[in-house]
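Engineer: Here's my sequence, what's the structure:
(chains A and B)
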There are 2 protein chains.
Amino acid sequence: MAERRPILDMNAYAGGAEGDPLLARRMANVGAASVLFYDRPLALVRGRGVWVEAADGARYLDCYNNVLSVGHCHPRVVEAIAAQSADLAINSRYLSEVVERYLERLKATLPPALSNVVLCCSGSEANDLAMRAAMKTTGRRGFVVTEAAYHGNTLAVTEISPSSWKRGGPPPHVRLVPAPTQAAYGEDVAGGFGRAVAAAAADLDAAGFGLAAFFADSILSSDGVYGDPPGLLAPAVAAAQAAGGLYVADEVQPGFGRTGAGLWGFARHGVRPDVVTMGKPMGAGYPMAGMATRPEILAAFCEDTGYFNTFGANPVAGAAGLAVLDVIEDEGLIANAARVGGRLLAALQGLAAGDARIAEARGAGLFIGVEIAGPDAGARVRRLTEGLKARGVLVGAAGRFGEALKLRPPLTLTDAEADFFLDAFAQALGDLPDADQSFFS
Amino acid sequence: MAERRPILDMNAYAGGAEGDPLLARRMANVGAASVLFYDRPLALVRGRGVWVEAADGARYLDCYNNVLSVGHCHPRVVEAIAAQSADLAINSRYLSEVVERYLERLKATLPPALSNVVLCCSGSEANDLAMRAAMKTTGRRGFVVTEAAYHGNTLAVTEISPSSWKRGGPPPHVRLVPAPTQAAYGEDVAGGFGRAVAAAAADLDAAGFGLAAFFADSILSSDGVYGDPPGLLAPAVAAAQAAGGLYVADEVQPGFGRTGAGLWGFARHGVRPDVVTMGKPMGAGYPMAGMATRPEILAAFCEDTGYFNTFGANPVAGAAGLAVLDVIEDEGLIANAARVGGRLLAALQGLAAGDARIAEARGAGLFIGVEIAGPDAGARVRRLTEGLKARGVLVGAAGRFGEALKLRPPLTLTDAEADFFLDAFAQALGDLPDADQSFFS
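Structural biologist: Numbers count the residues shown, from 1 in each chain, chains lettered A, B, ... in the order given. Below you'll find the predicted structure:
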């Protein structure tokens, strides 16, 4: 089977643990499933706002962890979790006012047609449920996703998450399409992407699977952060829906205001999802996720099997979720993401214009990808990531070859903090060889 | 397709919402996925120890919700969650001392060979991971489970959870065996159950799937609570392992001391699991779960795909899990489960001896099933459940036909609280017609 390289944030740690007792304990406890960042993994002890503190006292600007999109340990979220945990944490076979209040707040932000919400524990569970709802509704079994998509970690969802695969190609019922880039589709990126989805759906039909759903993260995070211009996904969504498949908007990464234009990334593209899945920042660290859809889709799914989720929709999740929505609204975080993110992106694009080592800076709001140039871009990104760490900044990587820095700081990021990142980035970039020199030479 | 009836705790609510605005909101928000107990669902607002309080001020002895096995809102767990949430809640790509300390505490309770633990969010995620690890390790695709098993709610795990199916039979790669009862296997229950598993494995071999794993909850909760005598599962486990399959001990329900004989239910049977999955009471309401296995099984699984779980193994889960283990130890909850559970079971068996309406009382520790006699047992159990609610006690139902009351009170249950249950049960039983009269006559 062909070898593939999973994206950086799925890779098991491959280094040694010499001189680091905590790392040695981790390797002994978790073994081959120890996914860890950095050549020397970082032990963290505290988080406040955009900053995290390591066990050795070093502080880092967190430009990676989108779960904490309202800032690490936001006092209102912490208080909501503590207070509700002290009152009641029970499963949803009983009624709870706080949960219904949360669902109503959440639904008010979604297209009115998506009036049923199932809460669960993780984006993986939400996407697993979405796959099943799509199969049951359409009577089909095929799925189309982008080449380096990541939608989650269950058996079923891993089959539509090529960025998790270490070897081999897609299973028979899955078709991959390149992310919407000029390199893949030429000048008419959105149109080309749409035609690719149409062709993949036709291919699934010919193979007897049919298209159950087209899953797309509205900023194509793990493919390398492609969300611009608004409307980019519209022809692809239209093609999927015209082929009789559902469009599942995976908002696990872009959702909850990150793209700076409303709460949901799909809205930027003027498309109508049949299903929206969400997770990560939903509870600011409290494990919760969800799937919103039309009642008839959920009803069809429930014809064959019962679905119950023990921890999903417990009152603590409701309280945490409400606090997150309150903070986003009261602190104007969507507008802040748009403003600070726009300024940060412009600065990075300015830097890119004058430095051939940067292929492109792109994104929306505070979800930004910085693609590095050259055939050794993946290695360069890893070097940059380490260089940024040395300068007090945490980032991630994205793209099929790990060719782009992935930036997802808390939406509370200030201009000064953005400048801190920019300074560190310029310095770390200075460590790289020129664009025309191989990194390995 | 043949109709099946999912167990009571998987059924969508089928009543109306007249006069109950909160229920009407729930139905509008969650639609067909609204799984709710009782003819008139209960709105709960507070939990303390073994008691929960409803919105109307009524109090109920909670004999159902095993997630809260150390008692509702235990102050040490609430404090641990609050304190760690205020310090740091971040994913496990960074190191965290509290998480490693927790994993070491947990591992010390497990067979030493199972030295790798992967934390995730739900028992469903843990069992989904266990299925994949079993398939990869054995190179096979078949599974054997009991007739009314419940192992979780993902696409893959639902295929081995017959108690979730509303219609149809098992998929081609799944074989069902009756739970170990005299009715199914005659006098040699354990031996007969073992031979059934061996036959199912041979049948999977003949069908080209082979046996990847035999999944069994060590007290067969949803089948109706069958865990006695100790050793009951041993021949079945031996048969599965002799056939080259793994034995996955699903401890999501019986684990963490509930059976009153050590932390794990499988230990009562003198068997050696290849994989142990756990969840529900692990964080006393905080969403967390896990899979423990041998390093080579985990390593094999990780050859093909990366596995990362965003919320699993975050420091709050570590702190919550540690607090739960501390409380179980410091308050002597396993011994209490054995003593109070033994006394409760004896009292129920005494009642059963003098009342033909009870077919059998069985169980271990504070996991007790009370099987009701007669062809209309499922309807009688539903009546009993309502009758107990009217008398201030919450219980559940189990068994392929919902024929048994399922009792899983917090492990802190006192003798006085057990007596409260017994009084209410005797009264509720009095509402039922005699055993020789149809419930419907």
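
Engineer: how many neighbours does A:P375 have?
Structural biologist: Per other C-beta atoms under 10 Å in any protein chain shown, the neighbour tally for A:P375 reads 11. For glycine as for every other residue, the C-beta is placed from the backbone atoms N, C-alpha and C.

Engineer: So it belongs to a helix, correct?
Structural biologist: No - secondary structure of A:P375 (DSSP: H, G, I helix; E, B strand; the rest coil): coil, not part of a helix.

Engineer: any idea of the pLDDT on it?
Structural biologist: If you check A:P375, the pLDDT there is 92.

Engineer: How about A:F440?
Structural biologist: 56.

Engineer: Provide a list of residues in contact with the closest residue to A:G227 other than its chain neighbours.
Structural biologist: Excluding its sequence neighbours, the residue lying closest to A:G227 (C-beta to C-beta, 6 or more residues apart in numbering or on different chains) is A:I219, at 3.5 Å. A:I219 makes contacts with A:V225, A:Y226, A:G227, A:Q253, A:P254, A:R258, A:T259, A:G265, A:G363, A:A364, A:F367, as judged by C-beta atoms under 8 Å, 6 or more residues apart in numbering or on different chains.

Engineer: list the helices and strands the biggest helix by length in chain A packs on?
Structural biologist: For chain A, the longest helix by residue count, based on DSSP state H, is helix A:333-353. Helix A:333-353 sits against strand A:358-364, strand A:367-372, helix A:415-430, with contacts defined as 3 or more C-beta pairs under 8 Å, 6 or more residues apart in numbering or on different chains; DSSP states H and E.

Engineer: Now do the contacts for the nearest residue to A:G399 once chain neighbours are set aside.
Structural biologist: With sequence-adjacent residues excluded and distances taken as C-beta to C-beta, 6+ apart, A:G399 is closest to A:G224, at 3.6 Å. The neighbourhood of A:G224, defined by C-beta under 8 Å, 6+ apart, consists of A:A148, A:A179, A:T181, A:G369, A:E371, A:A398, A:G399, A:R400, A:E403, A:A404.

Engineer: Please narrow the residues you listed to those residing in helices.
Structural biologist: Members of the contacts of A:G224 lying in helices (criterion: DSSP H): none.

Engineer: Restricted to strands, list those.
Structural biologist: Among the contacts of A:G224, the residues falling in strands (DSSP state E) are A:G369, A:E371, A:A398, A:A404.

Engineer: count of neighbours near the first one?
Structural biologist: Burial of A:G369 is recorded as 27 neighbouring residues (other C-beta under 10 Å).

Engineer: So what's the residue count around A:L298?
Structural biologist: For A:L298, the count of nearby residues is 27 (other C-beta under 10 Å).

Engineer: quick check, it in a strand?
Structural biologist: No - per three-state DSSP, A:L298 lies outside any strand segment and is helix.

Engineer: Pull the contacting residues for it.
Structural biologist: Contact analysis of A:L298 by C-beta under 8 Å, 6+ apart lists A:N116, A:V118, A:A133, B:G31, B:A32, B:A33.

Engineer: go on, A:G191?
Structural biologist: A:Y185, A:P235.

Engineer: isn't there a helix covering it?
Structural biologist: Yes - A:G191 forms part of a helix when assessed by three-state DSSP.

Engineer: Need the pLDDT of it.
Structural biologist: At A:G191, the pLDDT value in this model is 98.

Engineer: Ok, A:A379 next?
Structural biologist: Model confidence at A:A379, given as pLDDT, is 94.

Engineer: thinking again about what came up before, which one of the ones in strands among the contacts of A:G224 sits closest to chain B?
Structural biologist: Nearest to chain B out of the ones in strands among the contacts of A:G224 is A:A398 (C-beta to the nearest C-beta; 14.2 Å).

Engineer: Ramachandran angles for A:P230?
Structural biologist: A:P230 has phi and psi values of phi -50, psi 140 when expressed as degrees, to the nearest 10.

Engineer: Can you tell me the SS state at the closest residue in space to it that isn't next to it in sequence?
Structural biologist: Computed as C-beta to C-beta, 6+ apart, the closest residue to A:P230 that is not its neighbour in sequence is A:R268, at 4.4 Å. With three-state DSSP as the basis, A:R268 sits in helix.

Engineer: How much space separates A:G191 from chain B?
Structural biologist: 33 Å (C-beta to the nearest C-beta, to the nearest Å).

Engineer: Return the residues in contact with the nearest residue in space to A:L232 that is not next to it in sequence.
Structural biologist: Spatial nearest neighbour of A:L232, excluding adjacent residues (C-beta to C-beta, 6+ apart): A:A190 at 5.0 Å. Residues in contact with A:A190, defined by C-beta under 8 Å, 6+ apart, are A:P180, A:G231, A:L232, A:L233, A:A234, A:P235, A:A236.
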